[in-house]
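Chemist: task: produce atomic coordinates for the following.
(chains A, B and C)
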Amino acid sequence: MRDQHDFTNAERPEVLAQARLLVGRTLRQLYGEDVEVPKGKGAFGQLVEWLHFGYPPNSLKEADFPVANLELKATGAVSSRKGWRAKERLVLSNINYLDLAQEEQFETSTFYVKNGQLLLVVYFWVAEKSPLEYRILGVGVIEIAGMNPVDRQIIRDDWTKIRQAVLDGRAHELSEGDTSYLKAARKGAGTGQDDRRQPFSSVAAPNRAFSFRQSFVTRLIEPLIDGSKKLREDEQALVHDEVELETKTFDDLVLERFEPFLGRTVEGIASELDPNLNRTAKGFYADVARRMLGVSTRRIEEFEKADIIMKTVRIQSRRKRPRESMAFPAFRYRDLAKQTWLDSDLRDALSKRFLFVFFVDDGESYRLSHAAFWAMPETTLEGEVRPVWEETQRRIKSGRADDLPTSGESRVAHVRPHARDAADTDITPDGSHVVKKCFWLNAAFIGKIFEETARTNQP
DNA sequence: GCATGATCATGC
DNA sequence: GCATGATCATGC
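Modeler: Numbers count the residues shown, from 1 in each chain, chains lettered A, B, ... in the order given. Sure, this is the predicted structure:
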């Protein structure tokens, strides 16, 4: 037992002053060597609670600091050449599907009351270090009520959408790609033993937790870290006036921006919006899509924060599918051999939100067909992509990196080279050199997405 | 005509 | 120079 002042019932300024003492230090510097480190993922946070604030870890409904009205969260940051980045999503609180269905107001919801005011402790995560040696980079209060109105509205839309899925009896179909900043992230081993009841369906749903998406956490922690303010000259916001979000959701607003251009040729749209666009550039279609959204920069603030991947796709009208499959980043054979499906790069990439912008060939030019948000259904991810990934891993491990699943083996995904040229190779676990490869979504599968979304998004 | 292997273009 | 997104080339 430590002889340590308990801050549980302190006022907010006192809690904050105590929190600031952490900045620039490690727990070892503050509390010495003689500390037992708990096992598991939350060790750092638990140590801060106990050593620095003098209370034992808990999972009460009540805030960690009820008087100050603050919930303590610790989150890791990693350093990259682009600056500090959140190491992972920030898990806020478990979703109780039965309770959520009863909660009509976001501002009075269990989620908001518990997580609307966070005391965030940001530490510098380094793989091989003990949590006692993490340097604390910054602390600060993050209040949803204090966020800019657009962010706040998008979070409220996300919460509403997750709740609506529960009301529709679709809690088991929720996917991390359904929402923008706040997502329903899976918890547990994914074996089914953590499944929960939902109120409007007899199907059990995986255990999920409200979480801020990793890309959003990156933006939350930046102002808390000294000297990490960034000028983002290549980025513009999509929504300029929060009033726009009072009558419609962020998703609706995005899709509405495409409406005036439906059915028009890409050349016609380009000459109206920006005659200077380079029509021969590989990114011409993506440029036109950004202009339709009202943005002239390469990046879009809300899409960066929500990690929304915008894909422009050209459909061959005859076959109702694109000519090309869709590539993902090349993998490293030895990395893939070591990963598990749940922490694989592929699962990560396919759990994102996509915004597809479809152009259809009319024989002479491409015309805007429609745009649609899309997330890969959990059943497809687990039932169809996972086997491809596992088979790929199996073959790499058994020395068959030059013989990976082809598009005939799955409806959804396959593996193909993705390199500068045939000499651009990567080393495999058994030491041979094989041309770099990546996972691809089959062109026919993209065609299915086109047809499904066309039904609900066309005029 | 498509599957598959190969390579280009661009931005950092 | 490399990663990534995009597209070409060819043999079945």
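
Chemist: quick one: contacts for residue A:415?
Modeler: Contacts were defined as Cβ atoms under 8 Å, 6 or more residues apart in numbering; by that measure residue A:415 touches A:388, A:392, A:404-406, A:437-440. Heads up, the C-betas are built off the backbone N, CA and C, glycines and all.

Chemist: contacting residues around the residue of the stretch 251-400 of chain A found nearest DNA strand B?
Modeler: Closest approach of the stretch 251-400 of chain A to DNA strand B (Cβ to the nearest atom of the strand) occurs at residue A:281, with a separation of 4.4 Å. Neighbour list for residue A:281: residue A:287 [criterion: Cβ under 8 Å, 6+ apart].

Chemist: mind checking how far the helix or strand residue A:100 falls within is from the chain centre?
Modeler: Counting by DSSP states H and E, the element that carries residue A:100 is helix A:97-102. In this view, helix A:97-102 has its centroid 24 Å away from the chain centroid, taken as Cα atoms, centre = their mean, to the nearest Å.

Chemist: also stretch A:178-196?
Modeler: Taking the mean of its C-alpha atoms, stretch A:178-196 sits 13 Å from the chain's own mean (Cα atoms, centre = their mean).

Chemist: residue A:107: neighbouring residues, count only.
Modeler: For residue A:107, the count of nearby residues is 10 (other Cβ atoms under 10 Å).

Chemist: what's the answer for residue A:129, then?
Modeler: The local packing of residue A:129 (other Cβ under 10 Å) involves 13 other residues.

Chemist: are we agreed that it is in a helix?
Modeler: No. Using DSSP: H, G, I helix; E, B strand; the rest coil, the secondary structure at residue A:129 is coil, not a helix.

Chemist: contacts for the next helix or strand after the helix holding residue A:100 next, please.
Modeler: With elements assigned by DSSP H and E, the helix or strand that comes after helix A:97-102 is helix A:110-115. Applying Cβ under 8 Å, 6+ apart, the set of residues contacting helix A:110-115 from outside is A:61, A:63, A:71, A:92-93, A:96, A:99-100, A:103, A:106, A:144, A:159, A:210.

Chemist: cutoff 10 Å now
Modeler: Applying Cβ atoms under 10 Å, 6 or more residues apart in numbering, the set of residues contacting helix A:110-115 from outside is A:60-64, A:69, A:71, A:73, A:90, A:92-96, A:99-100, A:102-103, A:105-107, A:109, A:142, A:144-145, A:155-156, A:159, A:162-163, A:182, A:209-212.

Chemist: picking that back up, buried sites along the helix holding residue A:100?
Modeler: Using 16 or more other Cβ atoms under 10 Å as the test for burial, helix A:97-102 gives A:97, A:100-101.

Chemist: could you measure from the residue of the stretch 251-400 of chain A closest to DNA strand B over to residue A:287?
Modeler: Applying Cβ to Cβ, to the nearest Å, one obtains 7 Å for the distance of residue A:281 from residue A:287.

Chemist: skipping adjacent residues, who's closest to the residue of the stretch 351-459 of chain A found nearest DNA strand C in space?
Modeler: Nearest to DNA strand C in the stretch 351-459 of chain A, going by Cβ to the nearest atom of the strand, is residue A:418, at a distance of 5.3 Å. Using Cβ to Cβ, 6 or more residues apart in numbering and skipping residues adjacent in sequence, the residue nearest residue A:418 is residue A:438, 3.9 Å away.

Chemist: what's near enough to touch that neighbour?
Modeler: A:327-331, A:345-346, A:349, A:415-419.

Chemist: list buried residues within those.
Modeler: For the contacts of residue A:438, burial is judged from neighbour counts taken by 16+ other Cβ under 10 Å, and it is met by A:331, A:345-346, A:415, A:417-418.

Chemist: those residues also near DNA strand B: which ones?
Modeler: Subset of these in contact with DNA strand B: A:417-418, counting by Cβ under 7 Å from any atom of the strand.

Chemist: now the contacts of residue A:415 in CSV, with pLDDT, distance to residue A:294 and secondary structure?
Modeler: As requested, those are exported to CSV (pLDDT from 0 to 100; distance: Cβ to Cβ, whole Å; DSSP: H, G, I helix; E, B strand; the rest coil):
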residue, pLDDT, distance to residue A:294, secondary structure
A:388, 95, 38, helix
A:392, 95, 40, helix
A:404, 94, 42, coil
A:405, 94, 41, coil
A:406, 92, 41, coil
A:437, 94, 38, strand
A:438, 94, 32, strand
A:439, 95, 33, strand
A:440, 95, 32, strand
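
Chemist: and the next element down the chain from the helix or strand where residue A:415 lies?
Modeler: Taking DSSP H and E as the definition, residue A:415 sits inside strand A:413-417. With elements assigned by DSSP H and E, the helix or strand that comes after strand A:413-417 is strand A:425-427.

Chemist: for that next one, which residues meet the burial criterion?
Modeler: Buried positions in strand A:425-427, judged by neighbour count with 16+ other Cβ under 10 Å: A:425-426.

Chemist: please see if that strand touches DNA strand C.
Modeler: No. Where contact is defined by Cβ under 7 Å from any atom of the strand, no part of strand A:425-427 touches DNA strand C; the two come within 8.6 Å at best.

Chemist: follow-up on the earlier one: can you tell me which of the contacts of helix A:110-115 are in helices?
Modeler: Among these, DSSP state H puts A:99-100, A:102, A:155-156, A:159, A:162-163 in helices.

Chemist: pick out the most distant pair among these.
Modeler: Pairwise distances across these (Cβ to Cβ) peak at 20.0 Å, for the pair A:102 and A:155.
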